[in-house]
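Novice: I need the structure of the sequence given here:
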Amino acid sequence: TMGQGESAITMNMLEMFSGALFEGVSPMMVRRDHLVRHPDRCTHNAICIPICPTGAWLSTPPYKFDSSRCMESCRLCLDACPSQAIYGVFRKGEKLLLPKQE
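Specialist: Numbers count the residues shown, from 1 in each chain. Now for the predicted structure:
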(Lines give C-alpha, C1' and ligand atoms only; values in the text may rest on other atoms or scores of the structure.)
Protein backbone atom coordinates (compact mmCIF):
# COMPACT_ATOMS: atom_id res chain seq x y z
CA THR A 1 0.00 0.00 0.00
CA MET A 2 1.10 3.55 -0.61
CA GLY A 3 1.57 5.90 2.30
CA GLN A 4 0.58 9.55 2.26
CA GLY A 5 4.14 10.64 1.47
CA GLU A 6 4.32 8.39 -1.58
CA SER A 7 0.91 9.56 -2.72
CA ALA A 8 2.00 13.20 -2.41
CA ILE A 9 5.14 12.51 -4.44
CA THR A 10 3.09 10.85 -7.18
CA MET A 11 0.65 13.78 -7.22
CA ASN A 12 3.53 16.28 -7.40
CA MET A 13 4.97 14.38 -10.37
CA LEU A 14 1.56 14.43 -12.07
CA GLU A 15 1.21 18.16 -11.43
CA MET A 16 4.64 18.88 -12.92
CA PHE A 17 3.94 16.68 -15.94
CA SER A 18 0.45 17.99 -16.59
CA GLY A 19 1.56 21.59 -16.03
CA ALA A 20 4.14 21.20 -18.78
CA LEU A 21 1.79 19.32 -21.08
CA PHE A 22 -1.28 21.49 -20.62
CA GLU A 23 0.01 24.94 -19.68
CA GLY A 24 -2.44 27.30 -18.01
CA VAL A 25 -4.90 24.69 -16.78
CA SER A 26 -5.51 22.89 -13.53
CA PRO A 27 -3.44 19.68 -13.34
CA MET A 28 -6.38 17.89 -11.73
CA MET A 29 -8.20 18.05 -15.06
CA VAL A 30 -5.57 15.95 -16.84
CA ARG A 31 -6.64 12.32 -16.94
CA ARG A 32 -4.69 9.25 -17.89
CA ASP A 33 -6.66 7.59 -20.63
CA HIS A 34 -4.87 4.25 -20.72
CA LEU A 35 -1.53 2.50 -20.34
CA VAL A 36 0.54 1.21 -23.21
CA ARG A 37 3.20 -1.49 -23.06
CA HIS A 38 5.88 -1.17 -25.72
CA PRO A 39 6.69 -4.84 -26.49
CA ASP A 40 10.05 -4.08 -28.13
CA ARG A 41 11.29 -2.35 -24.97
CA CYS A 42 9.99 -4.92 -22.50
CA THR A 43 12.83 -6.96 -21.00
CA HIS A 44 10.41 -9.33 -19.24
CA ASN A 45 11.71 -8.51 -15.75
CA ALA A 46 8.05 -8.72 -14.71
CA ILE A 47 8.55 -6.04 -12.08
CA CYS A 48 5.16 -4.61 -13.08
CA ILE A 49 3.34 -7.68 -11.76
CA PRO A 50 4.15 -7.69 -8.02
CA ILE A 51 4.14 -3.90 -7.73
CA CYS A 52 0.59 -3.53 -9.09
CA PRO A 53 -1.85 -3.19 -6.16
CA THR A 54 -4.83 -4.38 -8.21
CA GLY A 55 -3.28 -7.23 -10.21
CA ALA A 56 -3.92 -5.49 -13.53
CA TRP A 57 -0.85 -7.11 -15.14
CA LEU A 58 -1.15 -10.79 -16.07
CA SER A 59 1.65 -12.92 -14.66
CA THR A 60 2.70 -14.72 -17.84
CA PRO A 61 4.45 -13.32 -20.92
CA PRO A 62 3.64 -11.19 -22.83
CA TYR A 63 2.33 -9.62 -19.58
CA LYS A 64 -0.96 -8.37 -20.94
CA PHE A 65 -2.75 -5.60 -19.12
CA ASP A 66 -6.36 -5.58 -17.83
CA SER A 67 -7.30 -1.89 -17.96
CA SER A 68 -10.55 -2.49 -16.05
CA ARG A 69 -8.49 -3.32 -12.93
CA CYS A 70 -6.16 -0.31 -13.18
CA MET A 71 -6.45 2.60 -10.72
CA GLU A 72 -6.20 5.87 -12.64
CA SER A 73 -4.17 7.61 -9.95
CA CYS A 74 -1.53 4.88 -9.64
CA ARG A 75 1.77 5.08 -11.54
CA LEU A 76 3.67 2.32 -9.80
CA CYS A 77 4.28 0.17 -12.88
CA LEU A 78 5.31 3.19 -14.97
CA ASP A 79 7.81 4.33 -12.36
CA ALA A 80 9.15 0.81 -11.67
CA CYS A 81 9.73 -0.37 -15.24
CA PRO A 82 13.53 -0.25 -15.81
CA SER A 83 13.20 -0.28 -19.60
CA GLN A 84 10.42 2.34 -19.77
CA ALA A 85 8.28 -0.12 -21.69
CA ILE A 86 5.10 1.10 -19.97
CA TYR A 87 3.78 4.59 -20.47
CA GLY A 88 0.54 6.46 -19.96
CA VAL A 89 -1.50 8.10 -22.69
CA PHE A 90 -3.09 11.27 -21.37
CA ARG A 91 -6.15 13.18 -22.50
CA LYS A 92 -7.84 16.40 -21.54
CA GLY A 93 -10.96 16.30 -19.39
CA GLU A 94 -14.01 18.35 -20.35
CA LYS A 95 -13.33 20.88 -17.61
CA LEU A 96 -9.71 21.23 -18.70
CA LEU A 97 -10.54 24.28 -20.77
CA LEU A 98 -11.17 26.32 -17.62
CA PRO A 99 -8.20 28.59 -16.75
CA LYS A 100 -6.27 28.15 -13.52
CA GLN A 101 -7.61 30.19 -10.64
CA GLU A 102 -4.87 32.04 -8.80
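Novice: When you work out contacts or count neighbours from here on, use the C-alpha atoms and nothing else.
Specialist: Will do.
Novice: how about the residue nearest to C70 when sequence neighbours are not counted, what does it touch?
Specialist: Spatial nearest neighbour of C70, excluding adjacent residues (C-alpha to C-alpha, 6 or more residues apart in numbering): A56 at 5.7 Å. By C-alpha atoms under 8 Å, 6 or more residues apart in numbering, the contact list for A56 reads 49, 65-70.
Novice: same question, C48
Specialist: Counted by C-alpha under 8 Å, 6+ apart, C48 has contacts 57, 76-77, 80-81.
Novice: burial measure for the closest residue to S59 other than its chain neighbours, as a count.
Specialist: Distances taken as C-alpha to C-alpha, 6+ apart put I49 closest to S59, at 6.2 Å, once the chain neighbours are dropped. Neighbourhood size, I49 [other C-alpha atoms under 10 Å]: 18.
Novice: Need the nearest residue in space to C77, chain neighbours excluded.
Specialist: C48 (4.9 Å).
Novice: From K64, how far out is that neighbour?
Specialist: Distance of C48 to K64, given as C-alpha to C-alpha, to the nearest Å: 11 Å.
Novice: Residues that sit against both of these two, list them.
Specialist: Shared contacts of C48 and K64, defined by C-alpha under 8 Å, 6+ apart, comprise W57.
Novice: helices and strands of the chain: which one bottoms out on pLDDT?
Specialist: helix 4-21 (a mean of 48; mean pLDDT, DSSP states H and E).
Novice: where does P50 land on pLDDT?
Specialist: Predicted confidence (pLDDT) for P50: 90.
Novice: and it, which of the three is it?
Specialist: helix (DSSP: H, G, I helix; E, B strand; the rest coil).
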